[in-house]
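Chemist: The sequence and its predicted three-dimensional model are supplied below.
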Amino acid sequence: MYGDGVDLEMLAECERDLVEWLRRDELRAIKAEPTARYFLDMRRSFSEMRRVMLPGAYCIVVSGKQSTFYQFSTRKALYVVPSAQILADEAQRIGFEIESLQDVQLVKLNRNARPRSLDNYYETIITLRNPESG
């Protein structure tokens with residue numbers, strides 16, 4: 001997992017906070033650079049989507065609602081990342097209008113996979129609109 005030396009100043013504050021938190025955690029530091037790259041890649045993706053869309057057109061993006069990092073020994077939540085909101089904010093900075101964020105609860109078939117496997121899990125449907133002008 002490589003991030004090619006991402007300039008953290010290019011990230012939004014909440015993105016930068018997450019990347020810096022990951023860097024400080026010995027077990028999660030390897031995820032810091034790829035996470036930063038992901039946010040910048042999504043920014044470029046939103047920019048390209050907006051460029052090719054007709055004015056007034058809509059698009060849908062599906063994201064996990066949030067990601068939670070847990071303490072391994074106690075399963076206590078250490079850091080909750082509002083993933084869908086971060087992506088919606090990125091799209092809005094590019095110039096999209098946010099029409100809605102709709103959470104959809106997913107059915108879990110395997111309750112042993114994650115530390116908080118009994119918690120509900122949601123994905124978020126992000127509805128974006130390319131403005132008529134601008």
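Modeler: Great, that's in hand.
Chemist: can we go C-alpha only for contacts and neighbour counts from here?
Modeler: Will do.
Chemist: Who does the helix or strand bottoming out on mean pLDDT in the chain pair with, and is each partner parallel or antiparallel?
Modeler: Ranked by mean pLDDT, DSSP states H and E, the weakest helix or strand in the chain is strand 67-70, scoring a mean of 89. Paired neighbours of strand 67-70 in the sheet (DSSP bridges): strand 77-81 (antiparallel).
Chemist: Can you point out the buried residues in the strand it pairs with?
Modeler: Residues of strand 77-81 classed as buried: none (neighbour count, 16 or more other CA atoms under 10 Å).
Chemist: which residues are in contact with it?
Modeler: Contact with strand 77-81 is made by 18, 66-71, as judged by CA atoms under 8 Å, 6 or more residues apart in numbering.
Chemist: Filter those residues down to the buried ones.
Modeler: Here, 16+ other CA under 10 Å leaves 18, 66, 70 buried among those.
Chemist: if I pick the first one, what's in contact with it?
Modeler: Same thing as Leu18. By CA under 8 Å, 6+ apart, the neighbours of Leu18 are Val81.
Chemist: Using the three-state scheme, assign it.
Modeler: helix (DSSP: H, G, I helix; E, B strand; the rest coil).
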